[in-house]
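Colleague: Take this sequence and fold it.
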Amino acid sequence: MNGPDTPNDARTDRKRDGIAPDRDDQDNDDAPQVGDPAGDPARSVEDGGDGSVSRRRFLEGVGIASLLGVGGATATDAGDGLFQMDGLDTVGDTIGGYEYRDWEDLYREQWDWDSVSRSTHSVNCTGSCSWNVYVKNGQVWREEQSGDYPRFDESLPDPNPRGCQKGACYTDYVNADQRIKHPLKRVGERGEGKWQRISWDEALTEIAEHVVDEVQAGRYDAISGFTPIPAMSPVSFAGGSRLVNLLGGVSHSFYDWYSDLPPGQPITWGTQTDNAESADWYNADYLVAWGSNVNVTRIPDAKYFLDAGYNGTKRVGVFTDYSQTAIHTDEWISPEPGTDTALALGMARTIVDEELYDEAHLKEQTDMPLLVREDTGKFLRASEVLSVRTDADRPEWMLLMVDSAGQLREAPGSLGERDGQRDDSKSIELGFDPRLDVETQVATTDGSVTVRTVWNHLRDELAEYDPETVHETTGVGEQTHQRVAREFAEAEKAKIIHGKGVNDWYHNDLGNRAIQLLVTLTGNLGEQGTGLDHYVGQEKIWTFHGWKTLSFPTGSVRGVPTTLWTYYHAGILDNTDPDTAEKIREAIDEGWMPVYPEERDDGSRPDPTTMFVWRGNYFNQAKGNVAVEEELWPKLDLVVDINFRMDSTALYSDIVLPTASHYEKHDLSMTDMHTYVHPFTPAVEPLGESKTDWQIFRELAEKIQDVATERGVEPIEDRKFDRDIDLQSVHDDFVRDWSTGEAGALAEDRAACEYILEHSEESNPEGTDEQITFADTVEQPQRLLAAGDHWTSDIEDGEAYAPWKDFVQDKNPWPTVTGRQQYYVDHDWFLELGEELPTHKEGPRDTGGDYPMEYNTPHGRWSIHSTWRDNETLLRLQRGEPVVYLHPADAEERGIEDGDTVEVFNDLATVELQAKIYPSSQRGTARMYFAWERFQFANDTNFNSLVPMYMKPTQLVQYPEESGEHLYFFPNYWGPTGVNSDVRVDVRKAGGDDG
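Modeller: Numbering: from 1, shown residues only. The predicted structure follows:
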């Protein structure tokens, strides 16, 4: 079998037997078709002319035979002898002596191709699976998992192969009916689907004229660029981000907007997220899948979860429904929806009450020994205690403990002695034994005050979660959750796989913090087989520095939290509770959270005017999309979508530009689910007039430069950054290598790939001769050589990557205020809301209205977000249309039967879809696997139409308030998350009584 070729794009000559069809016109009915590569006229008739049977007639005959009954169909039954098999022929020489019959070509030709290329599927799934793409006669023929990831630890299951049923049918998209092949301009209303085909020059000129107008008018910060997840294709991400950055425009976050970001991790660990690669699951003795349906949403990695069972690992599933992962666990726990926090805190109480915690870990690695003032709820600072002599530069952020002799001691590694958030020159190693249980009086500059440790405050909080209360709240048995807590604490190596099932709730930060508390109490951090691994979206990119400098060459970035930007411009200040509206205004006024366009000197704030969307489906995924459509979208004068298919965002755009598919471009692919990098290479030329993302934005930059030069547009002084926005050099700046100054060096996609690999520690580590080149990745996936400083452990030979070793083993301060895992937050808003420690709270009531059912939109098996939702092959594996899953009792109560057309409704919208009876669900839940496109619903609504605009105020803070070294806005690190759950709905048969 042919393997990937040498580094010249892994392509061989596609011309074979003189046949090389032109892919620019795929609508030619006379062109040879897949399965009929030579266009042989003899194969277009129903019979072969020589008495043989054509493939078409053979397959028709098989269909007739099957209708007549398996084993019961004879030649007579079929009406003639056409489909009678002659029996098995004895074949001596299976290679040279066997003459294929004509119908067998159907199977034989699957293994005949002209070239093979390496590629992958650029979707937000965290899979990052390497595939071989087979080409015949200029057409993608099929794809196959490459199966050549190098093993780095023979004691772990083989990493090969990686893939899923979605990737296996990506070929369908390459020549799909919904493939966009030419630039299109809207001629009807947005969403109406009326388009005019225009030339590339017309499209780019119209966009460029508009962009130049906006920049000249000083509205460059009204230009937005939205694209998700750089790791899945960083060059494609960087194409648009690079141009937006050069224009002075706004780059949007995505991880928080999709409600993928677990805000509890930056709160507690000062880090966006860091996870073990999935191979490390196999090293655990005890695995808890908590709201992470790995058999559905982590298909390439599920083998490690399943194989761990054969290795003696106990696997526990925490899911509200009897999910596809729950059926493979040793024990399934089913809390009521939205009660995960109470369950985790009940388990934590068992661990504390029965003294199953790791005391040494708590004393050194956490804030549990730190002192808190009872009068203010704030940490006791060295600056407040006259008896404490400190050398810290900022004594107001040197926090205090009590040692075993009862003396006040500074906590090493506190923010007060560090230079910024990450400072590895300091250590949290203790030269004394701090006490966990402290309640005493301390003489301060304010007089004598009572202080208590965080540990004592935590015990008070956990006292609220006695077994009976936990059972009443969660529905989980009193003995069950206590036993599981004991088993988890007593396991040598325990791990939690945390998923989106917790993140979708309003109080997701409290849920994150409570679940994290379990691994902290038991010391299950910083070693192989331990930790809390949060996998929701490909949030982190290994080759960080190369990607960052390619995407944002000026180094001056207008980043914005997409949730806040979207809701602000969609009118949330007039459509939320007064307290939340007040806190939004305060966060913006204090500069904790940015909103663009910026407020002008006269107090006005312009509306956004321009939006570029590429590699994502922003409009379809918008929570609160009724307000987005009615309030935000009309403010945008120009929406440009760069896409390979007509999705919901494209449908509601003004200009749609055709981009290359995943099999038609150069790029890179990586994920935090594994430690490899591998490439996209073009197996075929882009279909029609499609161009790669990098090429599209490069050519747009060229057109902007031409227009600006023709107009004589002078450089515009940036209001915020010390730079000029020079439109007359924007293309030259786009293709220039800013690190060397070389002109035109980055004109091509492949050069951009090489730039990322060359300028990243992970692929070109400092101080060594080792380097990963693009050609290396084409040969086979390459395990990364190092980990940059945005990771928390090193990549080690023979070990699966596991995070937090920098802090647990090397004793570097955690990047928090306390320099430790921080469960107590003394920010004023947290204290005001009673959330200084993780605590269980009911979510907002009546969001969407006073209705009896919870609305839930989990990730599904048959799509990655909206990609593949419109794929015919995947639709055939389900019901082919949007479906709501209902418990049998809920359906019976409403007179609904399986397959009925029903309406899910609340005060915001009514969505029509099909009912499926789902006994594995809990009562009171209407479950719709998300991401169906708007045009797949009867009334131009979608799954998000039922979701209101709301966000949690604590996710808007800066902490410390004056400096923000712990919690500060940074795209995809800290910012308000979108919320999908805590929504109330009801269900009725379509056409029923609206009452």
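Colleague: list the contacts for the nearest residue to residue 176 once chain neighbours are set aside?
Modeller: Closest residue to residue 176 apart from its sequence neighbours, by CB to CB, 6 or more residues apart in numbering: residue 645 at 6.7 Å. The way it works is simple: take the backbone N, C-alpha and C, and place the C-beta from them, glycine included. Residue 645 makes contact with 173, 176, 178, 179, 180, 870, according to CB atoms under 8 Å, 6 or more residues apart in numbering.
Colleague: Apply 10 Å and report the result again.
Modeller: Counting by CB atoms under 10 Å, 6 or more residues apart in numbering, residue 645 touches 173, 176-180, 617, 658-659, 661, 866-867, 870-871, 933.
Colleague: What subset of those residues is buried?
Modeller: Buried members of those, scored by 16 or more other CB atoms under 10 Å, are 173, 176, 179-180, 617, 658-659, 661, 866-867, 870-871, 933.
Colleague: tell me which of those residues is nearest to residue 601?
Modeller: residue 617 (37.1 Å; CB to CB).
Colleague: how close does that closest one sit to residue 540?
Modeller: Distance of residue 617 to residue 540, computed by CB to CB, to the nearest Å: 21 Å.
Colleague: distance of residue 103 from residue 609?
Modeller: For residue 103 relative to residue 609 (CB to CB), the value is 60 Å.
Colleague: Revised request: answer the last question for residue 651.
Modeller: From residue 651 across to residue 609, the span is 20 Å (CB to CB).
Colleague: you'd agree residue 157 is in a strand?
Modeller: No: secondary structure of residue 157 (DSSP: H, G, I helix; E, B strand; the rest coil): coil, not part of a strand.
Colleague: What about the residue nearest to residue 968 when sequence neighbours are not counted, how many residues nearby?
Modeller: Distance criterion CB to CB, 6+ apart; nearest residue to residue 968, sequence neighbours excluded, is residue 958 at 5.5 Å. Residues lying near residue 958 (other CB atoms under 10 Å) number 20.
Colleague: Show the contacting residues for residue 958.
Modeller: 587, 590-593, 827, 964-969, 974.
Colleague: sorry, back to before: out of the contacts of residue 645, list just those in strands.
Modeller: Cross-referencing those against strands under DSSP state E gives residue 658.
Colleague: After the longest helix seen in the chain, heading C-terminal, what element do we hit next?
Modeller: Longest helix in the chain, counting residues (DSSP state H): helix 693-711. Once helix 693-711 ends, the next helix or strand along the chain (criterion: DSSP states H and E) is strand 716-717.
Colleague: for the protein, which spans come out with low pLDDT?
Modeller: Within the chain, the segments meeting pLDDT under 70 span 1-100, 537-538, 992-995.
Colleague: Could you rerun that using 80?
Modeller: 1-110, 536-539, 992-995 (pLDDT under 80).
Colleague: picking that back up, CSV please, covering the contacts of residue 958 and showing neighbour count, secondary structure and distance to residue 525.
Modeller: Putting those into CSV (neighbours: other CB atoms under 10 Å; DSSP: H, G, I helix; E, B strand; the rest coil; distance: CB to CB, whole Å) gives the following:
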residue, neighbour count, secondary structure, distance to residue 525
587, 23, helix, 31
590, 13, coil, 33
591, 10, coil, 34
592, 20, coil, 29
593, 25, coil, 30
827, 21, coil, 24
964, 17, coil, 25
965, 21, coil, 22
966, 24, coil, 19
967, 27, strand, 21
968, 18, coil, 24
969, 23, coil, 27
974, 28, strand, 21
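Colleague: Specify which member of the residues you listed is nearest to residue 570.
Modeller: Using CB to CB, the contacts of residue 958 come closest to residue 570 at residue 593, 15.9 Å.
Colleague: so residue 639 is in which element?
Modeller: Residue 639 belongs to strand 638-643 when assigned by DSSP H and E.
Colleague: Helix, strand or coil: sort out the closest residue to residue 408 other than its chain neighbours for me.
Modeller: Leaving aside its sequence neighbours, residue 408 sits nearest to residue 400 (CB to CB, 6+ apart; 5.3 Å). At residue 400, secondary structure determined by three-state DSSP is strand.
Colleague: Is residue 400 bridged to anything, and to what?
Modeller: Applying DSSP bridges to residue 400 gives these bridge partners: residue 410.
Colleague: check contacts around it.
Modeller: Neighbouring residues of residue 400 by CB under 10 Å, 6+ apart: 369-372, 379-382, 384-385, 388, 390, 408-411, 414, 434, 442, 451.
Colleague: okay, now residue 708: neighbour count?
Modeller: Residues near residue 708, counting by other CB under 10 Å: 23.
Colleague: quick one: contacts for it?
Modeller: Counting by CB under 10 Å, 6+ apart, residue 708 makes contact with 208, 211-212, 215-216, 714-715, 726-731.
Colleague: ok, now residue 798?
Modeller: Contacts for residue 798 (CB under 10 Å, 6+ apart) come out as 151, 152, 153, 154, 155, 156.
Colleague: mind running it again at 7 Å?
Modeller: Residue 798 sits next to 152, 153 when contact means CB atoms under 7 Å, 6 or more residues apart in numbering.
Colleague: What distance do you get for it to residue 810?
Modeller: Counting by CB to CB - residue 798 and residue 810 are separated by 19 Å.
Colleague: May I have stretch 458-473 exported as CSV, CA atoms only?
Modeller: Only the C-alpha atoms of stretch 458-473 are listed here, as CSV (Å, rounded to 0.1, in the frame of the first residue of the first chain):
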residue,chain,number,x,y,z
LEU,A,458,-14.0,25.3,54.8
ARG,A,459,-15.0,22.9,57.6
ASP,A,460,-17.9,25.3,58.5
GLU,A,461,-19.0,25.3,54.9
LEU,A,462,-18.8,21.5,54.5
ALA,A,463,-20.8,21.1,57.7
GLU,A,464,-23.8,22.1,55.7
TYR,A,465,-23.5,19.0,53.5
ASP,A,466,-24.4,16.2,55.8
PRO,A,467,-25.3,12.9,54.1
GLU,A,468,-29.1,13.5,54.5
THR,A,469,-28.9,17.0,53.0
VAL,A,470,-26.8,15.8,50.1
HIS,A,471,-29.3,13.0,49.4
GLU,A,472,-32.3,15.4,49.5
THR,A,473,-30.5,17.9,47.2
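Colleague: Now tell me what touches it from outside.
Modeller: The contact list for stretch 458-473, computed with CB under 7 Å, 6+ apart, reads 339, 342-343, 345-346, 348-349, 352, 368, 476-478, 481-482, 823, 837, 839-840.
Colleague: Among these, name the buried ones.
Modeller: In the contacts of stretch 458-473, the ones that pass as buried (16+ other CB under 10 Å) are 339, 342-343, 345-346, 348-349, 352, 368, 476, 481-482, 823, 837, 839-840.
Colleague: Pick the one among those closest to residue 709.
Modeller: Nearest to residue 709 out of those is residue 823 (CB to CB; 57.7 Å).
Colleague: Go ahead and confirm the closest one touches residue 369.
Modeller: No: if you go by CB atoms under 7 Å, residue 823 and residue 369 don't touch, sitting 12.0 Å apart.
Colleague: in the stretch 501-650 of the chain, which spans are helices?
Modeller: Assigned helices in the stretch 501-650 of the chain, in chain order: 508-521, 544-551, 562-569, 578-589, 618-621, 625-627, 648-651 (criterion: DSSP state H, counting those that start in this stretch).
Colleague: show me what contacts residue 575?
Modeller: 627, 949.
Colleague: and it, backbone torsions?
Modeller: Here is the backbone geometry of residue 575 (degrees, to the nearest 10): phi -140, psi 40.
Colleague: and the gap between it and residue 956?
Modeller: According to CB to CB, residue 575 stands 17 Å off from residue 956.
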